[in-house]
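1. Whatever this is, show me its structure:
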Amino acid sequence: MATRSIAISHDWTVARLHALPDDGNRYEIIGGVLYVTPAPRMVHQRALRELYDLLSPYAKAAGLDVLWSPADIQYSESTVVQPDLFGFARVPGKPMRDWPDLQPLSLVVEVLSRSTRTRDRTVKRALYQAQGIPEYWIIDTDARVVERWRPESTAAECLAQSLVWQPVASVAPLEIDIVAYFAAVLDG
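-> Next up is the predicted model:
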(Lines give C-alpha, C1' and ligand atoms only; values in the text may rest on other atoms or scores of the structure.)
Protein backbone atom coordinates (compact mmCIF):
# COMPACT_ATOMS: atom_id res chain seq x y z
CA MET A 1 0.00 0.00 0.00
CA ALA A 2 1.29 3.46 -0.86
CA THR A 3 2.12 5.68 2.09
CA ARG A 4 2.61 8.94 0.29
CA SER A 5 0.43 11.29 -1.63
CA ILE A 6 0.95 11.72 -5.35
CA ALA A 7 0.33 14.98 -7.22
CA ILE A 8 -0.42 14.69 -10.92
CA SER A 9 0.11 18.02 -12.64
CA HIS A 10 -2.42 18.16 -15.44
CA ASP A 11 -5.47 20.20 -16.19
CA TRP A 12 -7.83 18.07 -14.16
CA THR A 13 -11.50 18.96 -13.85
CA VAL A 14 -14.20 17.72 -11.52
CA ALA A 15 -15.93 16.00 -14.45
CA ARG A 16 -12.73 14.13 -15.31
CA LEU A 17 -12.28 13.16 -11.66
CA HIS A 18 -15.80 11.75 -11.44
CA ALA A 19 -15.06 9.54 -14.45
CA LEU A 20 -12.30 7.69 -12.54
CA PRO A 21 -13.13 4.21 -11.17
CA ASP A 22 -13.52 3.80 -7.40
CA ASP A 23 -10.22 2.27 -6.27
CA GLY A 24 -10.25 3.09 -2.54
CA ASN A 25 -7.91 6.09 -2.83
CA ARG A 26 -8.87 9.62 -1.92
CA TYR A 27 -8.82 12.12 -4.78
CA GLU A 28 -8.77 15.90 -4.62
CA ILE A 29 -8.17 18.56 -7.26
CA ILE A 30 -6.74 21.92 -6.29
CA GLY A 31 -6.17 24.40 -9.07
CA GLY A 32 -6.31 21.66 -11.73
CA VAL A 33 -3.72 19.44 -9.97
CA LEU A 34 -4.94 15.95 -9.06
CA TYR A 35 -3.82 14.65 -5.66
CA VAL A 36 -4.08 10.93 -4.89
CA THR A 37 -3.86 9.93 -1.24
CA PRO A 38 -3.85 6.46 0.35
CA ALA A 39 -6.20 5.48 3.16
CA PRO A 40 -5.36 7.16 6.49
CA ARG A 41 -3.77 5.43 9.49
CA MET A 42 -5.77 4.44 12.56
CA VAL A 43 -4.46 7.34 14.70
CA HIS A 44 -5.74 9.73 12.03
CA GLN A 45 -9.20 8.20 12.24
CA ARG A 46 -9.20 8.18 16.04
CA ALA A 47 -8.28 11.88 16.04
CA LEU A 48 -11.28 12.56 13.81
CA ARG A 49 -13.67 10.44 15.86
CA GLU A 50 -12.65 12.06 19.15
CA LEU A 51 -12.95 15.56 17.68
CA TYR A 52 -16.31 14.78 16.09
CA ASP A 53 -17.58 13.51 19.46
CA LEU A 54 -16.53 16.83 21.06
CA LEU A 55 -17.89 19.08 18.31
CA SER A 56 -21.15 17.41 17.31
CA PRO A 57 -23.34 18.12 20.41
CA TYR A 58 -22.13 21.72 20.54
CA ALA A 59 -22.65 22.22 16.81
CA LYS A 60 -26.22 20.90 16.96
CA ALA A 61 -27.06 23.24 19.83
CA ALA A 62 -25.61 26.15 17.80
CA GLY A 63 -27.59 25.31 14.64
CA LEU A 64 -24.58 23.83 12.90
CA ASP A 65 -23.67 20.39 11.65
CA VAL A 66 -20.34 18.57 11.53
CA LEU A 67 -19.48 15.87 9.00
CA TRP A 68 -16.41 14.04 7.70
CA SER A 69 -15.12 12.91 4.33
CA PRO A 70 -15.42 11.44 1.85
CA ALA A 71 -17.24 14.53 0.65
CA ASP A 72 -16.85 16.57 -2.52
CA ILE A 73 -16.47 20.20 -1.48
CA GLN A 74 -16.23 21.95 -4.83
CA TYR A 75 -15.00 25.52 -5.26
CA SER A 76 -14.62 25.57 -9.05
CA GLU A 77 -14.40 23.23 -12.04
CA SER A 78 -10.72 22.77 -11.20
CA THR A 79 -10.92 22.58 -7.39
CA VAL A 80 -12.66 19.93 -5.30
CA VAL A 81 -11.39 18.87 -1.87
CA GLN A 82 -12.27 16.38 0.82
CA PRO A 83 -11.62 17.94 4.22
CA ASP A 84 -11.22 15.41 7.01
CA LEU A 85 -13.93 17.10 9.08
CA PHE A 86 -16.01 20.20 8.41
CA GLY A 87 -18.75 22.28 9.96
CA PHE A 88 -21.51 24.31 8.35
CA ALA A 89 -24.72 26.11 9.25
CA ARG A 90 -27.99 24.23 8.92
CA VAL A 91 -30.66 26.16 7.09
CA PRO A 92 -34.06 25.72 8.81
CA GLY A 93 -36.59 24.13 6.47
CA LYS A 94 -34.00 23.39 3.79
CA PRO A 95 -32.92 19.76 3.65
CA MET A 96 -29.28 19.19 2.81
CA ARG A 97 -29.07 16.34 0.34
CA ASP A 98 -25.90 16.96 -1.62
CA TRP A 99 -22.50 18.57 -1.03
CA PRO A 100 -23.21 21.89 -2.81
CA ASP A 101 -26.16 22.42 -0.43
CA LEU A 102 -23.91 23.03 2.57
CA GLN A 103 -21.66 25.84 1.41
CA PRO A 104 -20.28 27.98 2.98
CA LEU A 105 -18.26 26.01 5.49
CA SER A 106 -17.65 27.54 8.91
CA LEU A 107 -14.94 25.10 10.01
CA VAL A 108 -12.48 22.83 8.22
CA VAL A 109 -10.22 20.35 10.03
CA GLU A 110 -7.36 18.34 8.59
CA VAL A 111 -5.43 15.76 10.59
CA LEU A 112 -1.82 15.64 9.47
CA SER A 113 -0.57 12.43 7.89
CA ARG A 114 2.80 11.64 6.45
CA SER A 115 1.22 11.70 2.99
CA THR A 116 -0.64 15.03 3.36
CA ARG A 117 1.41 17.07 5.84
CA THR A 118 2.90 19.53 3.35
CA ARG A 119 -0.29 19.97 1.30
CA ASP A 120 -2.47 20.53 4.40
CA ARG A 121 -0.13 23.27 5.64
CA THR A 122 0.40 25.02 2.31
CA VAL A 123 -1.91 24.38 -0.65
CA LYS A 124 -5.04 23.53 1.34
CA ARG A 125 -4.41 26.24 3.94
CA ALA A 126 -4.12 28.85 1.18
CA LEU A 127 -7.29 27.53 -0.47
CA TYR A 128 -9.33 27.62 2.75
CA GLN A 129 -8.06 31.09 3.62
CA ALA A 130 -8.88 32.34 0.12
CA GLN A 131 -12.38 30.86 0.48
CA GLY A 132 -12.83 32.80 3.73
CA ILE A 133 -13.28 29.72 5.93
CA PRO A 134 -13.54 31.29 9.42
CA GLU A 135 -11.62 28.48 11.16
CA TYR A 136 -9.13 26.01 9.68
CA TRP A 137 -7.63 23.62 12.21
CA ILE A 138 -4.64 21.39 11.51
CA ILE A 139 -4.38 18.55 14.02
CA ASP A 140 -0.76 17.49 14.58
CA THR A 141 -0.91 14.24 16.55
CA ASP A 142 2.91 13.97 16.69
CA ALA A 143 3.37 17.39 18.31
CA ARG A 144 0.03 17.22 20.18
CA VAL A 145 -0.99 20.67 18.99
CA VAL A 146 -3.79 22.20 16.98
CA GLU A 147 -2.76 24.86 14.49
CA ARG A 148 -5.57 27.36 14.00
CA TRP A 149 -5.75 29.51 10.87
CA ARG A 150 -8.23 32.24 10.07
CA PRO A 151 -8.65 34.03 6.72
CA GLU A 152 -6.47 36.98 7.78
CA SER A 153 -3.77 34.87 9.53
CA THR A 154 -0.17 35.11 8.38
CA ALA A 155 1.01 32.48 10.87
CA ALA A 156 -0.62 29.59 12.67
CA GLU A 157 -1.89 29.99 16.20
CA CYS A 158 -0.42 26.87 17.84
CA LEU A 159 -2.66 25.63 20.65
CA ALA A 160 -1.40 23.01 23.11
CA GLN A 161 -3.64 23.53 26.16
CA SER A 162 -7.09 24.61 25.07
CA LEU A 163 -9.01 25.70 22.01
CA VAL A 164 -12.01 28.00 22.19
CA TRP A 165 -14.48 27.90 19.29
CA GLN A 166 -17.42 30.29 19.01
CA PRO A 167 -18.89 30.11 15.49
CA VAL A 168 -22.18 31.72 16.56
CA ALA A 169 -21.91 34.92 18.63
CA SER A 170 -25.20 34.28 20.44
CA VAL A 171 -24.09 30.84 21.67
CA ALA A 172 -21.52 30.41 24.45
CA PRO A 173 -18.15 29.16 23.14
CA LEU A 174 -17.00 25.57 23.20
CA GLU A 175 -13.71 25.05 25.05
CA ILE A 176 -11.75 21.95 24.09
CA ASP A 177 -9.12 20.64 26.49
CA ILE A 178 -6.39 19.82 24.00
CA VAL A 179 -4.30 17.83 26.48
CA ALA A 180 -7.29 15.58 27.27
CA TYR A 181 -8.17 15.35 23.57
CA PHE A 182 -4.72 14.05 22.59
CA ALA A 183 -4.69 11.71 25.59
CA ALA A 184 -7.92 10.15 24.33
CA VAL A 185 -6.56 9.90 20.78
CA LEU A 186 -3.07 8.60 21.56
CA ASP A 187 -3.18 7.05 25.01
CA GLY A 188 -6.77 5.88 25.27
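
2. low-confidence ranges in this protein?
-> Filtered on pLDDT under 70, the chain yields the residue ranges 1-7, 9, 103.

3. swap the cut-off to 90 and go again
-> The model of the chain has pLDDT under 90 over residues 1-12, 14-31, 33-41, 69-72, 89-104, 114-116, 187-188.

4. so where do the helices sit in it?
-> All helices of the chain, identified by DSSP state H, fall at 14-18, 42-61, 117-121, 123-130, 178-182.

5. contact partners of the fourth one?
-> Contacts made with helix 123-130 from outside it, assessed by C-beta atoms under 8 Å, 6 or more residues apart in numbering, are listed as 30-31, 75, 79, 81, 83, 108, 110, 136, 138, 149-151, 153. To be clear about C-beta, it is placed using only N, CA and C from the backbone, and glycine gets the same treatment.

6. Return the set of buried residues in stretch 84-96.
-> Neighbour counts over stretch 84-96 (16 or more other C-beta atoms under 10 Å) mark 84, 85, 86, 87, 88, 89 as buried.

7. For the protein, identify the residue most remote from the centre.
-> Most distant from the centre of the chain: residue 93, at 26.1 Å, with distances by C-alpha atoms, centre = their mean.

8. Check the gap between that one and residue 102 for me.
-> Distance, residue 93 to residue 102, by C-beta to C-beta, to the nearest Å: 15 Å.

9. got it, and residue 175?
-> Taking C-beta to C-beta, one finds residue 175 at 26 Å from residue 102.

10. Please apply the same query to residue 40.
-> Plainly put, residue 40 is 22 Å away from residue 102 if you go by C-beta to C-beta.

11. How about residue 71?
-> From residue 71 to residue 102 the distance is 9 Å (C-beta to C-beta).

12. Let's see which of the buried residues of stretch 84-96 end up in strands.
-> 85, 86, 87, 88, 89 (DSSP state E).

13. correct me, but the first one touches residue 67?
-> By that I understand residue 85. Yes: using C-beta atoms under 8 Å, residue 85 makes contact with residue 67 at a distance of 7.3 Å.

14. For residue 84, which residues are in contact?
-> Residues in contact with residue 84 (C-beta under 8 Å, 6+ apart) are 44, 48, 68, 69, 109, 110, 111.

15. Return the two entries of the ones in strands among the buried residues of stretch 84-96 that lie farthest from one another.
-> Pairwise distances across these (C-beta to C-beta) peak at 15.7 Å, for the pair 85 and 89.

16. picking that back up, can you add distance to residue 157 and give the ones in strands among the buried residues of stretch 84-96 back as JSON lines?
-> Output for those, formatted as JSON lines (distance: C-beta to C-beta, whole Å):
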{"residue": "85", "distance to residue 157": "18"}
{"residue": "86", "distance to residue 157": "19"}
{"residue": "87", "distance to residue 157": "18"}
{"residue": "88", "distance to residue 157": "22"}
{"residue": "89", "distance to residue 157": "23"}
